[in-house]
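Visitor: can't give you the sequence, but here's the structure:
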């Protein structure tokens, strides 16, 4: 539920900035299928344990953990900016 809220806040921040993006959340088990559609992969802090395993699936797609602060504060704008910085 918290990840869905963060996705909503990120999408709202993108809309306010006029940035056309599609943001979605999946669980770690779905990453191998979903990464083909992604320009960047962000992992919630709770997925830290699976980071090494997930990195095997993402290939050259940028992939990083969301900071605990941004995740805890549900700072969609900051997370969006971080994601955009990874693909520029």
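Guide: Arrived safely, thanks for sending. In this text the structure is predicted, and so the values were computed from the model without any measurement.
Visitor: From now on I want contacts and neighbour counts done on CA atoms only, so please keep to that.
Guide: OK.
Visitor: My guess is residue 80 contacts residue 13. True?
Guide: Yes. Assessed by C-alpha atoms under 8 Å, residue 80 is found in contact with residue 13 at 7.5 Å.
Visitor: Poorly predicted segments of this protein, please.
Guide: Within the chain, the ranges that satisfy pLDDT under 70 run 1.
Visitor: just the strands in it please.
Guide: 41-43, 63-65 (DSSP state E).
Visitor: Need those in JSON lines (columns: mean neighbour count and distance to residue 86).
Guide: Putting these into JSON lines (neighbours: other C-alpha atoms under 10 Å; distance: least, C-alpha to C-alpha, whole Å) gives the following:
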{"stretch": "strand 41-43", "mean neighbour count": "20", "distance to residue 86": "9"}
{"stretch": "strand 63-65", "mean neighbour count": "17", "distance to residue 86": "8"}
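Visitor: wait, which of these is closest to residue 20?
Guide: For residue 20, the closest of these is strand 41-43, at 16.8 Å, according to C-alpha to C-alpha.
Visitor: Which neighbouring elements make contact with that closest one?
Guide: strand 63-65 (3 or more C-alpha pairs under 8 Å, 6 or more residues apart in numbering; DSSP states H and E).
Visitor: got a list of contacts for the strand it packs on?
Guide: The contact list for strand 63-65 (C-alpha atoms under 8 Å, 6 or more residues apart in numbering) reads 40, 41, 42, 43, 44, 45, 48, 55.
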